[in-house]
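Engineer: coordinates for the following, if possible.
(one chain, ligands or ions: 2)
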Amino acid sequence: MRRWLGISLVVAVTGVTVAALWVTQRDPRLVAVTAAPTRVMGTSCTLTAVVPLRRQEAARRAMHEAETVLRRTEAHMSTHLERSELSRLNAAGAGAIVHLSADTMAVLEAARRLHGETEGAFDATCRPLVELWRDAGRAGRLPEPPALLQARGRSRWDLFELRQDGVVKRTAGARVDLGGIAKGWGIDRAIEELERAGVRGALVEVGGDLRVVGTRPDRSPWSVDVRHPFAEGVVATLRLTNGAVATSGNYARFVTIDGRRYSHIVDPRSGWPAESTPSVTVVAPDALTADAWATALSVLGPWGLARLERRVDIHAMLVTGTPESCAVHTTVGFANLLSAPPRLGCLQAR
Ligand code: ADP
Ligand code: MG
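Structural biologist: Numbers count the residues shown, from 1 in each chain. Ligands and ions are numbered 1, 2, ... in the order given. I've put the predicted structure just below:
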């Protein structure tokens, strides 16, 4: 019996070796095919597909499809484009159904779900507040209290009825803003296009938010640097084979009123711009989740990070404070993804 076991083990090991050799021969050198299409969602964009040498043409076709998906997402969901589906919804009156594509409906449904998950911090209905503070920034004057009250009253999910093929608004002034989630959704669909083409690895990055699958051509994990909010350089480096990373923060986008900086992210609970969180980084299984949570944590601050500890699928890092006195906060899961502790030259909290 022992002898048979020994022989079958040798056969099994030999079988494994032969299979490995066969796989190596069938799996020749991998190459990275990259593209950097311009003017995608008004920002930078990089697409990378890792494929065997002979699959380069198929990869290029898939990357073209991925770019098309990103452009379609923008065409449907941008508030900057007057003819987008979203602008049509925002301009619509009360009571009539506004027919929308399945894509836009899916993102609206996801946005409403995330409003609950983030305890109201992520609120895509906050467009009236976003416009109020944008105009205040342009005028260099804080909004009048009645205007603030009115905008708050119009930023509510119960003013929207989501149906199968469209949305009915209960008030003409209710408007949505998918600026904190549509980019993530587009990245996820673009990754799907690349995966459909059978890539061994892929990276889709739009304006600093990204998702990766598989590995790099040398079969090592993808490496993602998180930029320092106050200086040149990198705070932390993440290693990932599957997952998404999104950042949010007021060091890049803000308005100034009376010499004070106000974030472009509003706190839906108060109607005021979110208290400054210089840098938020979120790792999640998909880019939609990472994107929305990065915006939500800009509102919630370190308190939100503590609440996130209950979620095994979402990890985050916050940099709070000022260049003179700042702190890094991470969830335990985020710290585990780092090869070295964050480098900021300031206190590290946990
Ligand atoms: P970035 O565009 O820099 O990646 P975010 O992903 O955090 O930043 O999205 C910020 C955008 O989300 C804002 O420009 C605005 O359009 C929208 N927004 C602002 N505040 C909120 C909020 N509390 N919830 C949902 N969306 C918001
Ligand atoms: Mg976001």
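Engineer: shaky segments in this structure?
Structural biologist: Residue ranges of the chain with pLDDT under 70: 1-27, 250-253, 345-350.
Engineer: would you mind listing what in it touches ligand 1?
Structural biologist: Within the chain, the positions near ligand 1 by C-beta under 6 Å from any ligand atom are 122-124, 126, 130, 177, 179-180, 248, 253, 264-266, 268, 291, 294-295, 298-299. To be clear about C-beta, it is placed using only N, CA and C from the backbone, and glycine gets the same treatment.
Engineer: go again using 8 Å as the cut-off
Structural biologist: By the rule C-beta under 8 Å from any ligand atom, the part of the chain lying against ligand 1 is 79, 111, 121-124, 126-127, 129-130, 177-181, 183-184, 207-209, 246-249, 252-253, 264-268, 274, 280, 291-292, 294-296, 298-299.
Engineer: contacting residues around residue 290?
Structural biologist: The contact partners of residue 290, by C-beta atoms under 8 Å, 6 or more residues apart in numbering, come to 184, 209, 211, 244-246, 282-284, 314.
Engineer: mind putting those into TSV with neighbour count?
Structural biologist: Below are the contacts of residue 290 laid out as TSV (neighbours: other C-beta atoms under 10 Å):
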residue	neighbour count
184	30
209	23
211	30
244	26
245	26
246	31
282	29
283	24
284	23
314	20
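Engineer: circling back to that earlier point, filter the residues of the chain next to ligand 1 down to the ones in strands?
Structural biologist: Counting by DSSP state E, the part of those found in strands is 209, 246-248, 280.
Engineer: now, which of the contacts of residue 290 sits nearest ligand 2?
Structural biologist: The closest of the contacts of residue 290 to ligand 2 turns out to be residue 246 (C-beta to the ion; 5.5 Å).
Engineer: now the closest one. Nearest residue, chain neighbours left out?
Structural biologist: Nearest residue to residue 246, sequence neighbours excluded (C-beta to C-beta, 6 or more residues apart in numbering): residue 290, at 3.8 Å.
Engineer: and for residue 133?
Structural biologist: residue 273 (5.8 Å).
Engineer: beta-bridge partners for the one you found, please?
Structural biologist: residue 266 (DSSP bridges).
Engineer: quick check, residue 195 in a helix?
Structural biologist: Yes. The assignment for residue 195 by DSSP: H, G, I helix; E, B strand; the rest coil puts it in a helix.
Engineer: three-state assignment of the residue lying closest to it once chain neighbours are set aside?
Structural biologist: Leaving aside its chain neighbours, residue 195 sits nearest to residue 213 (6.2 Å; criterion: C-beta to C-beta, 6+ apart). Following three-state DSSP, residue 213 is assigned to strand.
Engineer: residue 285 against residue 240, yeah?
Structural biologist: No. Using C-beta atoms under 8 Å, residue 285 is not in contact with residue 240; the gap is 10.7 Å.
Engineer: mind checking which of the two has more residues around it?
Structural biologist: Neighbours per residue (other C-beta atoms under 10 Å) separate residue 285 from residue 240, with residue 240 holding more: 19 against 14.
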